[in-house]
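J.: Next come a sequence and a model predicted from it.
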Protein chains: 2
Amino acid sequence: MLNELGVIRISTQERALMENLERLSLNSGSHSPSLATMQQALPEIHIDIDACFLSNPLATELFWTYFNTDVLNDQQLFKRMLEAYPSQNRVIAERLSSTIGVEPGRVFIANGATEAIQAVIHNFSSHIHINIPTFSPYYEFAGPDHRITRFRVDSGNDFVLDPGRYVHSVLGSGADTAVLISPNNPDGYLIPDADLKWILARLSGLRTIIVDESFIHFADRAVPGPGGSGNGLPTLVGLTEQFDNVTVIKSMSKDFGIAGIRAGYAIMKKSRVDQLLDHGYLWNSSGIAEYFFSLFTRPAFLSEYREVLDTYRGYIDRFTSMTSGVNFVRAYPTSANFQLMRVPEGVSADLVTTLLLVRHGIYVRACGDKIGLDGEFIRVAIRTEPENKLVFAALKDVLG
Amino acid sequence: MLNELGVIRISTQERALMENLERLSLNSGSHSPSLATMQQALPEIHIDIDACFLSNPLATELFWTYFNTDVLNDQQLFKRMLEAYPSQNRVIAERLSSTIGVEPGRVFIANGATEAIQAVIHNFSSHIHINIPTFSPYYEFAGPDHRITRFRVDSGNDFVLDPGRYVHSVLGSGADTAVLISPNNPDGYLIPDADLKWILARLSGLRTIIVDESFIHFADRAVPGPGGSGNGLPTLVGLTEQFDNVTVIKSMSKDFGIAGIRAGYAIMKKSRVDQLLDHGYLWNSSGIAEYFFSLFTRPAFLSEYREVLDTYRGYIDRFTSMTSGVNFVRAYPTSANFQLMRVPEGVSADLVTTLLLVRHGIYVRACGDKIGLDGEFIRVAIRTEPENKLVFAALKDVLG
């Protein structure tokens, strides 16, 4: 604390706020408090830019346009969407099938990717080998009967996953389940296709391998990925055909900007989808989620989505170009729509977060609660172009 | 078939449609195909009245009015509701707590009651004793490792649950879990408070007893039920304080008319809620479900809801008075918003369902797939007053 104060001067008020923020974060477990929760608890803070929230804002606008035309303009239809039972899981899977290039029996529709993570971990896993840092539900959702072991990816090596060391670690752990997020959250590292296939070929004896592709649309990949799909978007679902222990999990929240709708899916072998759907998950999509899934199958929407995705990827590129050359923070290369940054020696991530908030109205994610991050890190979400510029200027102001 | 044709004359066209309907029902498992699915598959059918759908239509209108004022009039708020992550499970539970009269740590917020049923059965149950007939998820959601045993409630005795015989059956079965739905679906029988307490006191050695009160608002009960709650609505949640193996499950779909939103909850002991929430169900409510839950805590809304509930109960009373005296169908007494009816000897429920649909545009539930119903039954949902009159007239026309 003293050390920090030596580097950056803060007022008594700022220090008090920092303590309040820390308390709030503690109460939210390993997930950052939402904007709404935060503004309710600390009304004196005014947040202008939510750079904690990993979501393509242009895609939200696109969804909103379609939703207005299709649903809000037809009040009877919308009322019916809220009143009536949505379709059953298998009916929605059937509709999605050709768009994602997978036969319907292998599609598990989920109430957000977190439900798919939960279903797979609770049903097809007993000892999970996770990479750290990682997305916390992969270990939090494990029950008291689960074992968790870890493989550390090294910030010193830009969080690159070494395939040989990784396979050695998994096999040595005795785990029946491995989790690979690509691009990884929170560091943004994308596992190259060749590495991924090499790894999966060596782990074919495992019961379950989760490949989480929730951020893959943001990766700059020339090809749609192994197997490809019907919609021209990057995906790893083809891997589930080559390796029958692989489950690909996909959140729709980040790329389509619709976290409040709760929509995601998982692709796995048919016998597993059957096992899940024979014993639950009957009506787990809401009427609006069902609308979103049907929108996702429409060529006109997908074509416009690919355009806004390209524009947003441009924002990502320009932001990461700005941060790559600076000396006041160490910004890691990323293939996702966020960037992990290491703050200078002697400065705490919590302090940086507080000052960005108080002095600039910018909310970023302090990563102090992320297991496996030695040192002080913040994760900055990439938003719209003007917002990204303000975020960069604020980082420079606070740390420069 | 021949026998049926002897009693009621049907055309070749009607017979073909009947076969198509049977095929459609078979594909929907033990749940009736939704109106949308049905109209897509059989566009020649025009459905005017959905008397299969168990939902208070007046409550939907009330919700819609509030939703218009609060949400549709504030487009930025609504867009944010679809874009942003909803609050975590525990945050919503905290808000709901005082309205339902239960401390927050014992509230499990669910993505519809079916998710709560699934969670309880998968986590706190291995051998389930069900009453037949029952709501099918109670046995369908049981996994391959579960055992299921049955207690039959008798149509000859108006589906009355005999407490002594029931307790004897449960204890004799060796089950660790019992399920009581009150009012029961599909027969509408409400277990009297004294019987329910007598039963629970004798089953205190069981690991889990589910008391499903999804239809309890429709029951004509003078008091809010054992324990009561803060909102003046009938409920059995007080039982969870007296009996710590009891879980009360509540769907919000039926009474509030919002099945498309997916909202429900379960009340159980704190250690069980902790066990569930420590390992999943993190963001299982959508933004709109979160709005609905907050609406449910508002006194003004609750007061208006109680009014529309009273009006709707009047509809139920008038419909059941009409059906009670007739000789063309045997209509069982009900405490729910539907009525089970036995069609005359020699007539099939499927035929009656088809004729109601083709000749009158009325969709009712044929109960041929309901385990435990010997004979031919239909379940008729109670809708608005004019619709109920048309349904009665149609029944009379087809069967009279």
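T.: Cool, got the structure.
J.: pLDDT score assigned to A:Val7?
T.: The model reports A:Val7 with a pLDDT of 61.
J.: Let me see the domain layout of chain A.
T.: Annotated domains of chain A cover A:2-59+A:303-399, A:86-297 [automatic domain parsing].
J.: for those, which one ends up most surrounded?
T.: Highest mean neighbour count among these (mean count of other C-beta atoms under 10 Å in any protein chain shown): domain A:86-297, with a mean of 20. C-beta here means a position set from N, CA and C on the backbone, and glycine is covered the same way.
J.: Is chain B within reach of it?
T.: Yes: counting by C-beta under 8 Å from any C-beta of the partner chain, chain B has neighbours in domain A:86-297: A:86-88, A:91, A:111-112, A:114-115, A:118, A:122, A:137, A:140-143, A:253, A:257-262, A:278-289.
J.: Mind jotting down where the helices sit in the stretch 301-400 of chain A?
T.: A:349-360, A:385-399 (DSSP state H, counting those that start in this stretch).
J.: The shortest one packs against which elements?
T.: Right, the one you point to is helix A:349-360. Packing partners of helix A:349-360 (3 or more C-beta pairs under 8 Å, 6 or more residues apart in numbering or on different chains; DSSP states H and E): helix A:12-27, strand A:362-363, strand A:365-366, strand A:377-381, helix A:385-399.
J.: Which residues does stretch A:164-174 contact?
T.: A:His127, A:His129, A:Asn131, A:Thr149, A:Phe151, A:Ala178, A:Ile199, A:Arg202, A:Leu203, A:Leu206 (C-beta atoms under 8 Å, 6 or more residues apart in numbering or on different chains).
J.: how does it look with 10 Å?
T.: Applying C-beta atoms under 10 Å, 6 or more residues apart in numbering or on different chains, the contact partners of stretch A:164-174 are A:127-129, A:131, A:147-154, A:162, A:175, A:177-178, A:180, A:191, A:195, A:198-203, A:205-206, A:209.
J.: Just those: which are in helices?
T.: Judged by DSSP state H, the contacts of stretch A:164-174 include A:Asp195, A:Trp198, A:Ile199, A:Leu200, A:Ala201, A:Arg202 as members of helices.
J.: From these, pick the one nearest chain B.
T.: A:Leu200 (26.2 Å; C-beta to the nearest C-beta).
J.: Can you tell me, leaving aside adjacent residues, what's nearest to the closest one?
T.: The shortest distance from A:Leu200 to any non-neighbouring residue, by C-beta to C-beta, 6 or more residues apart in numbering or on different chains, is to A:Phe243 (4.8 Å).
J.: isn't that neighbour right up against A:Trp198?
T.: No: at 11.8 Å, A:Phe243 and A:Trp198 do not qualify as touching, with contact defined as C-beta atoms under 10 Å.
J.: still on that earlier bit, out of the helices of the stretch 301-400 of chain A, flag the one nearest A:Leu233.
T.: Of all these, helix A:385-399 sits nearest to A:Leu233, with 22.5 Å by C-beta to C-beta.
J.: picking that back up, reformat the helices and strands packed on helix A:349-360 as a markdown table; add distance to A:Trp64 and mean pLDDT.
T.: A markdown table is the format used below for those (distance: least, C-beta to C-beta, whole Å; pLDDT from 0 to 100):
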| stretch | distance to A:Trp64 | mean pLDDT |
| --- | --- | --- |
| helix A:12-27 | 30 | 82 |
| strand A:362-363 | 22 | 96 |
| strand A:365-366 | 25 | 92 |
| strand A:377-381 | 19 | 97 |
| helix A:385-399 | 18 | 97 |
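J.: Quick one: closest of those to A:Thr297.
T.: strand A:377-381 (28.0 Å).
J.: what about that closest one, near chain B?
T.: No: interface with chain B: strand A:377-381 contributes nothing (C-beta under 10 Å from any C-beta of the partner chain), its closest point being 12.5 Å away.
J.: and that strand with helix A:385-399, angle?
T.: Counting by axes from the mean of the first three to the mean of the last three C-alpha atoms, to 10 degrees, strand A:377-381 lies at 160 degrees to helix A:385-399.
J.: which strands and helices sit next to strand A:377-381?
T.: Counting contacts by 3 or more C-beta pairs under 10 Å, 6 or more residues apart in numbering or on different chains; DSSP states H and E, strand A:377-381 packs against helix A:299-324, strand A:330-331, strand A:338-342, helix A:349-360, strand A:365-366, helix A:385-399.
J.: Figure out how far the second one is from the centre of its chain.
T.: Read that as strand A:330-331. Here the centre of strand A:330-331 is set off from its chain's centre by 20 Å, with C-alpha atoms, centre = their mean, to the nearest Å.
J.: Which strands and helices lie in contact with that strand?
T.: By 3+ C-beta pairs under 10 Å, 6+ apart, strand A:330-331 packs against helix A:299-324, strand A:338-342, strand A:377-381.
J.: so the longest one versus helix A:385-399, what angle?
T.: Compare the direction of helix A:299-324 with that of helix A:385-399 by the same axes, to 10 degrees and you get 20 degrees.
J.: Which members of the contacts of stretch A:164-174 are positioned in strands?
T.: A:127-129, A:131, A:147-152, A:177-178, A:180, A:209 (DSSP state E).
J.: how about TSV for those residues, with pLDDT added?
T.: Shown next, in TSV, are the ones in strands among the contacts of stretch A:164-174 (pLDDT from 0 to 100):
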residue	pLDDT
A:His127	98
A:Ile128	98
A:His129	98
A:Asn131	97
A:Arg147	98
A:Ile148	98
A:Thr149	98
A:Arg150	97
A:Phe151	98
A:Arg152	97
A:Thr177	98
A:Ala178	98
A:Leu180	98
A:Ile209	98
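J.: Now render these as CSV, adding distance to A:Leu357.
T.: Listed next are these as CSV, based on distance: C-beta to C-beta, whole Å:
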residue, distance to A:Leu357
A:His127, 40
A:Ile128, 35
A:His129, 36
A:Asn131, 30
A:Arg147, 38
A:Ile148, 33
A:Thr149, 36
A:Arg150, 31
A:Phe151, 34
A:Arg152, 30
A:Thr177, 38
A:Ala178, 37
A:Leu180, 33
A:Ile209, 39
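J.: ok, back up a step: kindly present the helices and strands packed on strand A:377-381 as JSON lines, with separate columns for distance to A:Gly105.
T.: Output for the helices and strands packed on strand A:377-381, formatted as JSON lines (distance: least, C-beta to C-beta, whole Å):
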{"stretch": "helix A:299-324", "distance to A:Gly105": "23"}
{"stretch": "strand A:330-331", "distance to A:Gly105": "43"}
{"stretch": "strand A:338-342", "distance to A:Gly105": "34"}
{"stretch": "helix A:349-360", "distance to A:Gly105": "45"}
{"stretch": "strand A:365-366", "distance to A:Gly105": "38"}
{"stretch": "helix A:385-399", "distance to A:Gly105": "42"}
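J.: how about low-confidence regions in the stretch 201-350 of chain A?
T.: A:221-230 (pLDDT under 70).
J.: at 80 instead, please
T.: Filtered on pLDDT under 80, the stretch 201-350 of chain A yields the residue ranges A:220-230.
J.: Then the stretch 1-150 of chain A?
T.: Checking the stretch 1-150 of chain A against pLDDT under 80 turns up A:1-9, A:25-40.
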